[in-house]
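[1] with the input below, show me the fold.
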Amino acid sequence: MRRQRNVKILATLGPASDTHDMIKQLHQAGADVFRLNMSHGSHDEIRAKHAAIRAVEEELGSTIGILADLQGPKLRVGVFSGDSEELVEGGSFRLDLDETEGTSERVCLPHPEIFEVLKEGATLLVNDGKIRLRVKSCGADFAECEVVTGGVISNRKGVNVPDVVLPLAALSEKDRADLEFVCDLGVDWLALSFVQRPEDVDDARLLCNGRAAILSKIEKPSAVERFDDILAVSDGIMVARGDLGVELPVSAVPPIQKRLVRRCRAVGKPVIVATQMLESMIESPMPTRAEVSDVATAIYEGADAVMLSAESAAGSYPIEAVKTMDDVAVEVERDPTYTQIIEASRTASRSGIADAMVAAAREIAETTDIKAICCFTHSGTTALLTARERPRVPIIALTPLKGTARRLALSWGVNCVITEEMDRFKKAVVSAVRAARGEGFAAEEDFVVVIAGVPFNVPGSTNILRVAPCDERLIFASDPE
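    Numbering: from 1, shown residues only. Take a look at the predicted model:
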């Protein structure tokens, strides 16, 4: 299913959108990848959503990516005797390990690892930062706090600790069980929540054992500080602005988003911008102008994908939300300023033969009347390097591996076509021009650029480029063998 845009749309499935018909309509409206939120739903419910996506994929003859988003280690307070209490600014409040019901003076925080690293002056944020506490004194099992920002605190509200790196693994016991389940199920991407250090990604990769690509969610200050190290061991990145905006001043999030998107683009790894992009469309069929500008900004920055969360999972207008994103993306990418911004922010990389080949393919395509860049890929590397160039013409990735095609559904501008195994370059050229014509990217009188690695099926071996006519008779006339 050919899109009229390069940026991809990631839609979260939930109660409002988890039937076969709704998934089909969402995909037809513009959703390229679906997110399964492991914080909600049983394994049986997740399995049913996965099966529905694959059924839609088969029915429509499309390539659809599936991302499973692990919950991560959630920090929460205990319960209160009256279910909630009012904390007054300037007052005192104690967090401890006592499991008895909370009062207006104290509550259990059943996470001893937090108390191990807390220091005087540290900040704790409760309920997405609505309540702010400052530690006055602390020990191995308590923290006496001053209420800096008051409000209602209720049962099991989340706690953020932005000032310290917590001695917590990014994978809880629940996450480990979920990881094994979704990898066996056959998801394409695995998103890790609350990553703090590159070792968190290494742990997940070991457990994943090649069954899914690893995407790190950047939502903690410690992850921002060590971003380059985390990026180096990740297959992709999500700029998760929700918790990031809780743990950091909201004014710091936009420049962080810009920096992270550019760093991902520079190394050719997919980057998603997520959270509250069209939040008002949970209840309204129309977005606010500020939300439209927010989506447009991510697209102008060159993000690979933009994401819908509650808008598509639990909102009243999931299809309209996807269509809105699609409309904004098409309009932005038609803007001449978009091309100027993308090309001005392109980072040159000439560290090897493959880098030089994809750069040459882009330059040839942009200086002659080339209709598409066709790349053969087994692992996806050639397609990712081509996408990093952000060419003005479509990218057609040809691969014999359906798993590779599904993972590439998240990458900017990549249109995937499943093909047979190749053993000769001329055969690859013929397959490429047939795909370009068959998918509507080129006509018989047009030309495409074909890039591949010879010998075939060796990852990272991109070393050959040809400008090919889409008229097969000309291919055989110039190369009868």
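
[2] where does the prediction get shaky in the chain?
    The model of the chain has pLDDT under 70 over residues 349-350, 457, 459-460, 476-481.

[3] can you list the domain ranges for it.
    In the assignment given by automatic domain parsing, the structural domains of the chain cover 8-73+171-334, 84-160, 353-478.

[4] what's the span of the shortest one, first residue to last?
    What that stands for is domain 84-160. By CA to CA, to the nearest Å, the extent of domain 84-160 from end to end equals 19 Å.

[5] and for Thr275, the neighbour number?
    Residue crowding around Thr275 was assessed by other CB atoms under 10 Å; the count is 21. All C-beta spots, glycine's among them, are computed from the backbone N, C-alpha and C.

[6] which ones are touching it?
    Each residue near Thr275 by CB atoms under 8 Å, 6 or more residues apart in numbering is listed here: Ala240, Arg241, Gly242, Gly245, Met307, Ser309.

[7] got a list of what the second one touches?
    Applying CB under 8 Å, 6+ apart, one finds that Arg241 lies in contact with Glu219, Val253, Gln257, Val273, Ala274, Thr275, Gln276.

[8] which residues does the last one contact?
    Residues touching Gln276, when contacts are defined by CB under 8 Å, 6+ apart, comprise Arg241, Gly242, Ser309.

[9] okay, those residues in a markdown table with secondary structure next?
    A markdown table is the format used below for the contacts of Gln276 (DSSP: H, G, I helix; E, B strand; the rest coil):
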| residue | secondary structure |
| --- | --- |
| Arg241 | helix |
| Gly242 | helix |
| Ser309 | coil |
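
[10] and the closest residue to Asp200 other than its chain neighbours, helix, strand or coil?
    Closest residue to Asp200 apart from its sequence neighbours, by CB to CB, 6 or more residues apart in numbering: Ala170 at 3.6 Å. Here Ala170 is coil, with the state taken from three-state DSSP.

[11] nearest the geometric middle of the chain, what residue?
    Centroid check for the chain by CA atoms, centre = their mean gives Ile272 as the closest residue, at 3.8 Å.

[12] give the bridge partners for that one, please.
    Beta-bridge partners for Ile272, by DSSP bridges, are Met238, Ala305.

[13] wait, it sits on Glu301?
    No: between Ile272 and Glu301 there is no contact under CB atoms under 8 Å: 11.9 Å.

[14] spit out the contact partners of Val430.
    Glu472, Ile475.

[15] how much space between it and Pro469?
    11 Å (CB to CB, to the nearest Å).

[16] list the buried residues for stretch 68-76?
    By 16 or more other CB atoms under 10 Å, the buried positions in stretch 68-76 come out as Ala68, Asp69, Leu70, Gln71, Gly72, Pro73, Leu75.

[17] distance to Gln28 and secondary structure added to those residues, as TSV?
    Below are those laid out as TSV (distance: CB to CB, whole Å; DSSP: H, G, I helix; E, B strand; the rest coil):
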residue	distance to Gln28	secondary structure
Ala68	23	strand
Asp69	23	strand
Leu70	29	coil
Gln71	30	coil
Gly72	32	coil
Pro73	37	coil
Leu75	40	coil
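
[18] count the neighbours of Gly90 for me.
    9.

[19] what helix or strand does the closest residue to it other than its chain neighbours sit in?
    With CB to CB, 6+ apart as the criterion, Gly90 has its nearest non-adjacent residue at 6.4 Å, and that residue is Val147. Assigned by DSSP states H and E, Val147 falls within strand 142-149.
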